[in-house]
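[1] got a sequence here, can you model it:
(one chain, ligands or ions: 1)
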Amino acid sequence: MMAMALHPDKQRAGHEELDRVLGRLRLPVIADRSSLPYVDALIKETMRWHPALPLGIARCTAEDDSYNGYFIPKGTIVMPNVWATAFAPNNKYPPKDFIPERYLDTSCPELDPSAWAFGFGRRVCPGKALGENSVFILIASILASFDIAVRPGEILEPDFELNLVSYPKPFACNITPRSPEHGEMVASRASQCQS
Ligand code: HEM
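    Numbering: from 1, shown residues only. As a prediction, this is how the structure comes out:
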């Protein structure tokens, strides 16, 4: 929501792709994901631009180990620096900027956040597939149905909680159906969920 309010041009590109692929009045399903490369890039960029778990989950080595020439004794607390991975220097696309196009540019390959946003090794998130599909359906459905905008006359400054899990502090924005028909589509889907 925050990224879309701050970047109306990226939101517009997402709207255009959704309208072209789905038609103007259909909500997306999981199977649409491979036909929506720009929306997919938007989701990846959202995960990269502000990682939800910037220092992953701390783990402790069960045995002595070594990595890249470093000795790591048994009992060492290891914290994956996900933030540093997300903000790795990039000559073409500044890491701090919200630029979904970085994931569509084959001349400058960017690591897919699904390689690092869900943890690592044997304790990698077991809900990864469910999480990715849920995030896709949520973001694509909201984007297909609504315009998200900074309130007129206001300035939206991104501000995040910085705990184990990092997420935006409460902020105001306008969320309006893209047309009366889009509003009816959402209301109709909501009534199906209640029955
Ligand atoms: C976008 C959504 C999600 C993200 C970004 C995410 C991220 C993570 C991360 C970073 C870890 C730590 C892995 C490690 O220590 O290396 C983790 C662990 C875990 N996640 Fe998720 N997760 C998501 C969704 C889910 C869902 C939907 C479920 C369950 C249905 C789930 C269940 C778990 C469990 C049980 C663990 C602990 C695994 C263990 O310690 O062995 N997660 N997740």
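[2] quick one: mean pLDDT for whichever helix or strand Val21 is part of?
    In this structure, Val21 sits in helix 8-22 according to DSSP states H and E. Across helix 8-22, the average pLDDT comes to 97.
[3] contacts for that helix next, please.
    Under the contact criterion C-beta atoms under 8 Å, 6 or more residues apart in numbering, helix 8-22 has outside partners 3-4, 28, 32, 35-39, 42, 98, 100, 140, 143-144, 147-149, 178. All C-beta atoms are positioned from the backbone trio N, CA, C, and that covers glycine.
[4] the ligand contacts on the protein?
    Proximity of the chain to the ligand (C-beta under 6 Å from any ligand atom) is limited to residues 52-53, 56-57, 59, 117-120, 123-127, 130-131, 135.
[5] quick one: which of these sit in strands?
    Counted as lying in strands by DSSP state E, out of the residues of the chain next to the ligand, are Arg59.
[6] residue contacts, Thr176?
    Thr176 touches Phe146, Asp147, Ala149, counting by C-beta under 8 Å, 6+ apart.
[7] go on, Ala140?
    With C-beta under 8 Å, 6+ apart, Ala140 has these contacts: Leu18, Pro28, Asp32, Arg33, Leu36, Val39.
[8] the second one touches Ile142, doesn't it?
    Right, Pro28. No: look at Pro28 against Ile142 with C-beta atoms under 8 Å: they stay out of range, at 10.2 Å.
[9] in the helix holding Val21, what counts as buried?
    Along helix 8-22, these residues count as buried under the neighbour rule (16 or more other C-beta atoms under 10 Å): Lys10, Gln11, Ala13, Gly14, His15, Glu17, Leu18, Val21, Leu22.
[10] same deal with stretch 58-70?
    For stretch 58-70, a neighbour-count test (16+ other C-beta under 10 Å) marks Arg59 as buried.
[11] circling back: neighbour count winner among Pro28 and Ile142?
    Pro28 (21 against 15; other C-beta atoms under 10 Å).
[12] so which bits of the longest helix along the chain are buried?
    Longest among the helix segments of the chain by residue count, using DSSP state H, is helix 128-145. Within helix 128-145, the residues that count as buried by 16+ other C-beta under 10 Å are Glu132, Phe136, Ile137, Ile139, Ala140, Ser141, Leu143, Ala144, Ser145.
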